[in-house]
Structure formats: C-alpha cells, structure tokens
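Participant: Sequence isn't available, so here's the structure alone:
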C-alpha cells in the first residue's frame, strides 16, 4: 500500500515537471498529450457516441489546452482532470449547436458510472497498440476502417480464414492484457 | 476445429453489431461474450492516423502563438482529407484558404496587419520614386554645379594697360604699304586708305583708327602700316572691309576691327580689349547653369574649367576656347552653357567694346 502511494506521488511529481516544462516550452506539450490522449478521447467518445465527432471534439480540447497552458495552476489534481474540464466545456458548446444530441447524451451521462468506464476504455485503446503487428492491423481495419474480413484479406494478401483467426486472437489477447492490468 | 467455430461465431456477432449498432446484443456462446464486449468498445477506437496528425498539429501550434485552431484544421483532422473549399479563394489567398491552411494557425488579425504593412510599403515605394525623380530634376540647378560669378568682381578701369587691334584692306594683290599710322580716335568715321578709290567723296572725313587718343606716333609723308616691309607701290593690302592690311574691319594690320595690329575690336596691343585701361568688365545678366555630364556624375568627378572668351559689344560671348581643360565631357558642357550667356558689355569711354575675359566654370558634387 505504501509502495502504491509512493508510486502515485512519483507520478504526480513527474506530471508536474512535465507541465512546468510545457509551460516554459510549448513543444514539450507532446509528452502530456501522449499520456492523456486516450483518457480524453474515451471521455468524449462515451458522450458523443460517434468516432468522427469524438475526434473533432478531442482535437478542440487539446488545442484549447495548449493555448491556455500558461494559465494552468498546479493544485495537486491530475492534469487529466483539467483536460476533462475543458472537454466538458467544449462538449457543452458542441451540444448547444446540436441541441437534439444534447438530450440523448445528457441521459447517457446520468446512467453511466464515469470514472471506471473512461479508464477501462482508455486502457483498451492503449492496449491495442501493444498487440502483435498483424493482429493490430486487422483490429484497426475491422473496427476503425469498418472493413469486411474479405476486404482486409484482399488488402493484406491473406486468406479470409486467416484474417478471421487474427481477429479472434487479437480480441483474446486484449482480454488477457486487460485482466493482467487489473491484476 | 473448435477455434474455427469460435472465430465464425465471433465474426457473425461482430458483423451484426457493426451493421446494426442500435440493436440488442446477439445471444452468443459464453466464451465469446466477453470478446464481443471488447469488440463493442473497439467500435470507438480512435484512428491512429488521427492521433499522430493531431500530435503533429499541436507541435506546429506550439511554435506559434497558442490559439484555438481554425475550423478547417479540425475538419481535416477528423476526415483525413481536406475540407471542401472555394477553389477561387484557394487561388487568391492560398495561406488562408488553400493547401497551406492547417500548417500553421490562422489569425485573421495577422492578415489585416500584413495587408496594412504591405499597403504602407507600397506607398513608401511610390512616393520614394517621386521624391527621387524630383531630386534628379533639381540636381543640375541647385546642388551639382557651382559657377564662379564674376559680377561681384568688377575691375576698375586702368590707365596703363589695354589691348585690342584691327586690320583691313581692299583685297589688293599686294600687301599694304609701309607708312605712318593715322590719328587714334575713339570713333572711326573713315578708315585709313592709301589707294583712294573714291576721289571725290561727298562727305570727306579724316581717316582714323580706334584707339586711345592720347597715343600719338610721329607723322610721316604717307599713311600706312609701320610694320610693313614695302613702301612702293602703294597698296591697301589683301584684307577686306576698308583700312590697310591683311585683316578686316577698317583698321590697320592683321587683326579685326578698326584698331591697329593683331587683335580684335579696336585699339592696339594685340588681342581684344582687356579689362582695365579704361575698359570695364562685362557683367553677366543671363547665365544659365551648365549641366553635369553623365560620365563625370557617375565618376563623381569635380573641378574647374577655365574658358577664354571674347565678349562682344553686343554682350554675346564668342571665340570661346578652353584654357584649362577638365575632361569627361565637362569642357563641352561649360562651353555649351557659356555660349548661352548674355552680358552687359564692357564699356570704354562710355562705348561698348569687345573684351577678352576668362571665365571659370566650377563643377562640384554635393
């Protein structure tokens, strides 16, 4: 327990140093982006329910964050909390333009326990990057590109059956890694 | 075999989930239920290309003033293809609306400032050209040439030095005969002559030559040129215009004018009258500035040209010669200018006379 607290403290210090470095030199913002992209995206994607809009809003969030980074004051909270605050504001503006969606997502927000869900999604997105290359290619084409197994097979020069097996093994691998991360 | 069956079931369920995202989850084997849950979450998996593009865009923004990206930038990131734009705007303003958009953050304010700066620069270039043109036009008159104005230096008449001369003849085949000069007078009514062509003039007058009346020579029996080598036969000389000698103008000798000896305009002593000896200096009343030659201007060449000039009784300069040359086309420019000058003529005994003067024309660059 003590070791976990020490680890958290170290992570906080590291993040604080990263923020201060980015405030001095905006080019250092890349590290903060890499560490928090999946969480912000997962938060936004859960609310808008659409990849294209989620990407649009996420881009807006990070640009606003970079623009306002000098105004950020460290108060002991994780940096992602500040980013999620920006995301909430951006979503609010977004919904004002699309009032119909606002009602749907507002209901959605009430029904879902937010924190764990976001973390699990963010973890899943990160774990996709750790898959073997052939499995990762199939997963990305299937779920991001929404291509059929036949299209993927043609594109990668493999049989449809082989692609089907790679999809299965990729999902199984993700399940194993999620369990491993949850200990 | 069992794995194939599992893969088939999973694929069928995923296919249904993607095709009908709002429908209820299909009933599947427990072994793939959890995998299908993961697959459902993966429907929102972010595009790796978007992730990398956004990072690059943020790094690009970090080098500029932090601002919110334009709508066009976000659309490009979202779709992975350029947003629809007006091609005419792309051609006119490629940075704002064309392919350059998205490389850097776009500030409309910067565009306005840039336009104002360009307008100011164009105005400076335009007015600068006018200013340069005006200066070029003024240069020859105001700054590049300095003339020596001789009017402040009128020399007082002198009593001991003068110059001038004269000559004449009536185109005889023989040179004029030797003899004594007639009387010097300020005005000549009749030129001296040895061979009288008109024996009975209606208005007889004493022959004289123009010169100082106080100048006297011992008389002899015959009027003639005292410098001539022959006595007989009598001859008026080979000149023209009356008088004796090889010159012209009613005098005696080889000069021009009613005086005696080589020289101009009357008097004696050679040459034209010089300032002094009762001869006043001419005063310029119209003296346009000379131009600078292009060659000398480029070489930034300066100096003074000295001209030898006869100013006639009409105040016009003539017989202009260069006494001290400067070169680079400045001699010609000086002559060209002085030729246009007009003088108040030199006066001798209240009469305008030709006079020889030196004129300095100085060329200076400022």
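Facilitator: Perfect, I can see it now. The model shown is predicted, which means the values in this text are computed figures rather than measured ones.

Participant: Now chain A against chain B: closest residue?
Facilitator: The minimum distance from chain A to chain B, using C-beta to the nearest C-beta, falls at residue A:26 (3.4 Å). Any C-beta I mention is one placed from the backbone N, CA and C, and that applies to glycine too.

Participant: where do the helices sit along chain A?
Facilitator: Assigned by DSSP state H, the helices in chain A fall at A:2-24, A:29-48, A:51-67, A:79-97, A:99-111, A:114-128, A:133-139, A:149-156, A:160-182.

Participant: re earlier: and the residue of chain A closest to chain B, how many neighbours?
Facilitator: 21 (other C-beta atoms under 10 Å in any protein chain shown).

Participant: That one is in contact with residue A:66, isn't it?
Facilitator: Yes. With contact defined as C-beta atoms under 8 Å, residue A:26 and residue A:66 form a contacting pair (6.3 Å).

Participant: what residue ranges in chain A are flagged as low confidence?
Facilitator: By pLDDT under 70, the low-scoring segments of chain A are A:1-9, A:97-116, A:182-183.

Participant: what about the residue nearest to the spatial centre of chain A, distance to residue A:129?
Facilitator: Most central in chain A under C-alpha atoms, centre = their mean is residue A:38, positioned 1.7 Å from the mean C-alpha point. Distance of residue A:38 to residue A:129, given as C-beta to C-beta, to the nearest Å: 9 Å.

Participant: go on, residue B:237?
Facilitator: Counting by C-beta to C-beta, the gap from residue B:237 to residue A:129 is 126 Å.

Participant: the more surrounded of the two?
Facilitator: Higher neighbour count among residue B:237 and residue A:129: residue B:237, with 30 against 11, using other C-beta under 10 Å.

Participant: Give the burial count for residue 124, as a bare number.
Facilitator: Looking at chain A here, since you left the chain open. Counted by other C-beta under 10 Å, the residues lying close to residue A:124 total 21.

Participant: wrong one, I was asking about chain B
Facilitator: For residue B:124, the neighbour count with other C-beta under 10 Å is 11.

Participant: That one in helix, strand or coil?
Facilitator: helix (DSSP: H, G, I helix; E, B strand; the rest coil).

Participant: where do the strands sit along chain B?
Facilitator: Counting by DSSP state E, chain B has strands at residues B:145-147, B:164-167, B:183-185, B:208-210, B:254-258, B:266-270, B:273-274, B:283-286, B:303-311, B:317-324, B:342-344, B:346-348, B:351-353, B:355-363.

Participant: Give me the contacts around the fourth one.
Facilitator: Same thing as strand B:208-210. Contact with strand B:208-210 is made by B:164, B:166, B:181-192, B:243, B:251-252, B:257-260, B:266-268, as judged by C-beta atoms under 8 Å, 6 or more residues apart in numbering or on different chains.

Participant: Apply the buried test to the residues you listed and list what passes.
Facilitator: Listed as buried from these are B:164, B:166, B:181-182, B:184-185, B:188, B:190-192, B:243, B:251-252, B:257-260, B:266-268; burial here means 16 or more other C-beta atoms under 10 Å in any protein chain shown.

Participant: Tell me which ones among the residues you listed also neighbour chain A, please.
Facilitator: Near chain A, judged by C-beta under 8 Å from any C-beta of the partner chain, there are no entries from these.

Participant: Could you measure from residue A:145 over to residue A:51?
Facilitator: Per C-beta to C-beta, residue A:145 is found 11 Å from residue A:51.

Participant: can you check residue A:80 too?
Facilitator: Taken as C-beta to C-beta, the span from residue A:80 to residue A:51 is 21 Å.

Participant: and if you look at residue A:19?
Facilitator: Separation of residue A:19 from residue A:51 (C-beta to C-beta) stands at 29 Å.

Participant: Make a markdown table out of the helices of chain A and add distance to chain B.
Facilitator: Putting those into a markdown table (distance: least, C-beta to the nearest C-beta, whole Å) gives the following:
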| stretch | distance to chain B |
| --- | --- |
| helix A:2-24 | 8 |
| helix A:29-48 | 4 |
| helix A:51-67 | 4 |
| helix A:79-97 | 10 |
| helix A:99-111 | 12 |
| helix A:114-128 | 5 |
| helix A:133-139 | 7 |
| helix A:149-156 | 6 |
| helix A:160-182 | 4 |
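
Participant: okay, those helices in JSON lines with distance to residue B:362 next?
Facilitator: Output for these, formatted as JSON lines (distance: least, C-beta to C-beta, whole Å):
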{"stretch": "helix A:2-24", "distance to residue B:362": "68"}
{"stretch": "helix A:29-48", "distance to residue B:362": "72"}
{"stretch": "helix A:51-67", "distance to residue B:362": "70"}
{"stretch": "helix A:79-97", "distance to residue B:362": "80"}
{"stretch": "helix A:99-111", "distance to residue B:362": "89"}
{"stretch": "helix A:114-128", "distance to residue B:362": "90"}
{"stretch": "helix A:133-139", "distance to residue B:362": "90"}
{"stretch": "helix A:149-156", "distance to residue B:362": "91"}
{"stretch": "helix A:160-182", "distance to residue B:362": "98"}
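
Participant: Nearest to residue B:303 among those would be which one?
Facilitator: Closest approach to residue B:303 among the helices of chain A (C-beta to C-beta): helix A:2-24, 66.6 Å.

Participant: what residue of chain A is the furthest out?
Facilitator: residue A:159 (31.9 Å).

Participant: Skip the chain neighbours and tell me the closest residue to that one.
Facilitator: residue A:153 (6.0 Å; C-beta to C-beta, 6 or more residues apart in numbering or on different chains).

Participant: Quick check, the one you found in contact with residue A:163.
Facilitator: Yes. With contact defined as C-beta under 8 Å, residue A:153 counts as touching residue A:163 (4.7 Å).

Participant: and the two? which has more neighbours close in?
Facilitator: Taking other C-beta under 10 Å, residue A:153 and residue A:163 do not tie; residue A:163 has more neighbours (27 against 19).

Participant: can you pull the contacts of the more buried one?
Facilitator: Going by C-beta under 8 Å, 6+ apart, residue A:163 touches A:138, A:149, A:152, A:153, A:156.

Participant: out of the residues you listed, what pair is the most spread apart?
Facilitator: Maximum pairwise distance in these, criterion C-beta to C-beta, is 10.5 Å, between A:149 and A:156.

Participant: higher neighbour count, these two?
Facilitator: Taking neighbours as other C-beta under 10 Å, residue A:149 and residue A:156 compare with residue A:149 leading, 23 against 15.
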